[in-house]
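Q: Okay, predicted coordinates and the sequence, questions at the end:
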Amino acid sequence: IAAFNLSILLDNTSERPYRNKGLAFLSQGKYDKAREAFSMAIQLNKKSPYAYGALGFMSHQEGRLEEAQEFYRKHASHNSYNSELHVKEYQIRRERFTLDPFACPKY
């Protein structure tokens, strides 16, 4: 974390040190701090697919499925090569369907 803070001090216009700092916090399970770092990365680069993907992952882990879906969509719109997150979005749709029996159309 200290290395990323130093990198931010040297160049606070790049999203990369914020993104890497977010990944470090994420690996430690410190979601609040990770969310702050990823949000800063997005402020610096509105098209940061990695930050959106990480925010989607955290929201998914915390059970905030609608929020996760939105982050995954933003990730996919800025990174057309990553189909893994399209799969994640599909999984969330399935989870929401099974959690809400009234979402099922009646036949």
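A: Arrived safely, thanks for sending. Since this is a predicted model, take the numbers as computed values, not measurements.
Q: centroid residue for the protein?
A: residue 55 (2.0 Å; CA atoms, centre = their mean).
Q: State the helix or strand in which that residue lies.
A: helix 49-61 (DSSP states H and E).
Q: quick revisit: can you tell me the closest non-neighbouring residue to the residue nearest to the centre of the chain?
A: Of all residues not flanking residue 55 in the chain, residue 71 sits nearest, at 4.4 Å (CB to CB, 6 or more residues apart in numbering). Placement of C-beta: from N, CA and C, glycine included.
Q: Pull the CA coordinates from the helix or strand containing the one you found and hand them back as PDB.
A: Assessed by DSSP H and E, residue 71 sits inside helix 65-78. Taking Å, rounded to 0.1, in the frame of the first residue of the first chain, the C-alpha atoms of helix 65-78 are listed here in PDB:
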ATOM      1  CA  LEU A  65     -26.900  -7.800  -7.300                       C
ATOM      2  CA  GLU A  66     -28.400  -4.800  -9.100                       C
ATOM      3  CA  GLU A  67     -25.400  -2.700  -8.300                       C
ATOM      4  CA  ALA A  68     -23.100  -5.500  -9.400                       C
ATOM      5  CA  GLN A  69     -24.900  -5.900 -12.700                       C
ATOM      6  CA  GLU A  70     -24.500  -2.200 -13.400                       C
ATOM      7  CA  PHE A  71     -20.800  -2.200 -12.700                       C
ATOM      8  CA  TYR A  72     -20.400  -5.400 -14.900                       C
ATOM      9  CA  ARG A  73     -22.200  -3.600 -17.700                       C
ATOM     10  CA  LYS A  74     -20.000  -0.600 -17.500                       C
ATOM     11  CA  HIS A  75     -17.000  -2.900 -17.400                       C
ATOM     12  CA  ALA A  76     -18.200  -4.700 -20.500                       C
ATOM     13  CA  SER A  77     -18.900  -1.500 -22.400                       C
ATOM     14  CA  HIS A  78     -15.300  -0.400 -21.900                       C
END
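Q: ok and it relative to helix 49-61, angle-wise?
A: For helix 65-78 against helix 49-61, the angle between stretch directions is 160 degrees (axes from the mean of the first three to the mean of the last three CA atoms, to 10 degrees).
Q: Just give me how far helix 65-78 sits from the chain centre.
A: Distance of helix 65-78 from its chain centroid, counting by CA atoms, centre = their mean, to the nearest Å, is 7 Å.
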